[in-house]
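S.K.: would you be able to build a 3D model of this:
(one chain, ligands or ions: 1)
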Amino acid sequence: MEPNLLLPLTMAILMIIAAAATVTADYIRPPPRKTLHFPWDPKPSSLPQQVHISLAGDKHLRISWITGDKSSPSVVEYGTSPGSYSSRAKGESTSYKYLLYSSGKIHHTVIGPLEHGTIYFYRCGGQGPEFQLKTPPSQLPVTFAVAGDMGQTGWTKSTLDHIDQCKYDVHMLPGDLAYADYFQRRWDTFGELVQPLASGRPWMVTEGNHEEENIPLFKDGFQSYNARWKMPFEESGSSSNLYYSFEVAGVHVIMLGSFADYDEYSDQYSWLKADLSKVDRDRTPWLLVLFHVPWYNTNYAHQGEGDRMMAAMEPLLYAAGVDIMLAGHVHAYERSKRVYSGKSDPCGAVHITIGDGGNKEGLAQKYKSPSPEWSIFREASFGHGELKMINSTHAFWSWHRNDDDEPVRSDQVWITSLVSSGCVAEKSHELRKILMAP
Ligand SMILES: [Fe+2]
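M.R.: This next block holds a predicted model:
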């Protein structure tokens, strides 16, 4: 070989080796982690356990907890200074039996009116430890943490640790909480696992398939879920805990039920129309929707399972100008462009699949290829999302992989509201027509 060719050839070979090294040194996906072990640890039967809180109408929160003692009162004492409770509220309680299992006494007590953006100290059942919560702000900005398909594995713990490090006002969970799957004690261990976070910030959840524990002709499918995770369905005019809405700062959030009837003659659809007719985009410029089974999903896992619900509800939600739809079910992360009817559409919703909370079933790693034009980012890793609604026109979404430090954003995007882009005004006539239809 000519000496003057030797140097460029050597350089080219070195560059190819370097490039190959970069590819092989690329992100190595860690394996699934084991289900956490919860040692049998009997507590005094009157001790409040599994404490979690949720929004319950304007300026009100629902405090939920469980005691072994059936005579323990459903009372919450609260105030803005530690150890000094200026207010007291009494609530309701329930319990259930599931084959050989008997639940503790499940208490739900609504407290308020509360000041916005304020730290409160509270105690459940007149005894036990003091908890601390922060109410959401009255106006934008407001920040949501989002993760679905949580389960209770080492990865769930990692996700919770990450969420704990971020500053957020409300946690939203688009289905699949405990992965109890008929083993009722797993509902209790999940309640214990999430208490440190869920007792301090409202946790707003909707149901996934793992909440359904149906025994035909014998047990209603969502008995345990409904008894333990009571959401503000009555406060939002719904007749079912499986779908409801809430408002926080300048955001109207609709939690739909993938596992309740959703066709246009269903109770859920009628409720959705009624709920949308009450939305005032001057007061709540942002409109979000959460449900479990994704409509825009390029993963082979659960492919097409959301199609029927999408066919029934997407035209109505499009006319209503929904900004962002968040789903779980697929154990991976995916974000779309604004999309409607299977194509990019500037007035459609951004769809985000965030079923990556850390469940025992592991990650869904196979994607359809090529990726459709509307799919922007997809990756099978555990993590959580943060959605910061900055003002009436801009929101910032970021996705945080558990393998990185919390501040590292593996995906991020600024989202402009449909109110500010004129889509909501443009479609208001179409929406009125659908809402007026019998
Ligand atoms: Fe699921």
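S.K.: contacts, neighbours, all on C-alpha from now
M.R.: Will do.
S.K.: ok, for Tyr120, nearest residue in space, not its chain neighbours?
M.R.: Among residues not flanking Tyr120 along the chain, Thr80 sits closest, at 4.6 Å (CA to CA, 6 or more residues apart in numbering).
S.K.: please disregard the earlier target; I meant Thr153.
M.R.: Closest residue in space to Thr153, ignoring its immediate chain neighbours: Thr35 at 4.0 Å, by CA to CA, 6+ apart.
S.K.: and the pLDDT at that neighbour?
M.R.: At Thr35, the model reports a pLDDT of 87.
S.K.: hmm, back to that, the residue nearest to Tyr120 - how many residues pack around it?
M.R.: Using other CA atoms under 10 Å, Thr80 is surrounded by 18 other residues.
S.K.: picking that back up, so how far is Gly151 from the residue nearest to Thr153?
M.R.: Distance of Thr35 to Gly151, given as CA to CA, to the nearest Å: 8 Å.
S.K.: can you tell me which residues contact Asn209?
M.R.: 175-176, 259 (CA atoms under 8 Å, 6 or more residues apart in numbering).
S.K.: list just the nearest of these to the ion.
M.R.: Sorting the contacts of Asn209 by how near they are to the ion, with CA to the ion, puts Asp176 at the top with 5.6 Å.
S.K.: the closest one contacts Gly151, doesn't it?
M.R.: Yes: with contact defined as CA atoms under 8 Å, Asp176 reaches Gly151; the gap is 7.2 Å.
S.K.: the residue nearest to Thr153 and Lys360, how far apart?
M.R.: Taken as CA to CA, the span from Thr35 to Lys360 is 6 Å.
S.K.: for Asp220, same thing?
M.R.: 25 Å.
S.K.: looking at these two, which is more packed in?
M.R.: Lys360 (20 against 12).
S.K.: can you classify that one by secondary structure?
M.R.: At Lys360 the chain is in coil, as set by DSSP: H, G, I helix; E, B strand; the rest coil.
S.K.: in stretch 116-136, which residues are buried?
M.R.: Buried residues in stretch 116-136, counting neighbours by 16 or more other CA atoms under 10 Å, are found at 116, 119-126, 131-136.
S.K.: nope, stretch 352-370 is what I was after
M.R.: For stretch 352-370, burial by neighbour count (16+ other CA under 10 Å) applies to 352-360, 362-364, 367.
S.K.: and if you look at stretch 399-413?
M.R.: Buried residues in stretch 399-413, counted by 16+ other CA under 10 Å: 399-403, 406, 411-412.
S.K.: what's the average pLDDT for it?
M.R.: Averaging pLDDT along stretch 399-413 yields 91.
S.K.: distance from it to the middle of the chain?
M.R.: Its chain's average C-alpha position is 17 Å from that of stretch 399-413, according to CA atoms, centre = their mean, to the nearest Å.
S.K.: so who does the residue most central in space within the chain touch?
M.R.: The residue lying closest to the centre of the chain (CA atoms, centre = their mean) is Leu173, at 1.9 Å. Leu173 makes contacts with 146-149, 203-206, as judged by CA under 8 Å, 6+ apart.
S.K.: same question, Lys59
M.R.: Counted by CA under 8 Å, 6+ apart, Lys59 has contacts 112-116.
S.K.: what's the spacing between it and Val110?
M.R.: As judged by CA to CA, Lys59 and Val110 stand 10 Å apart.
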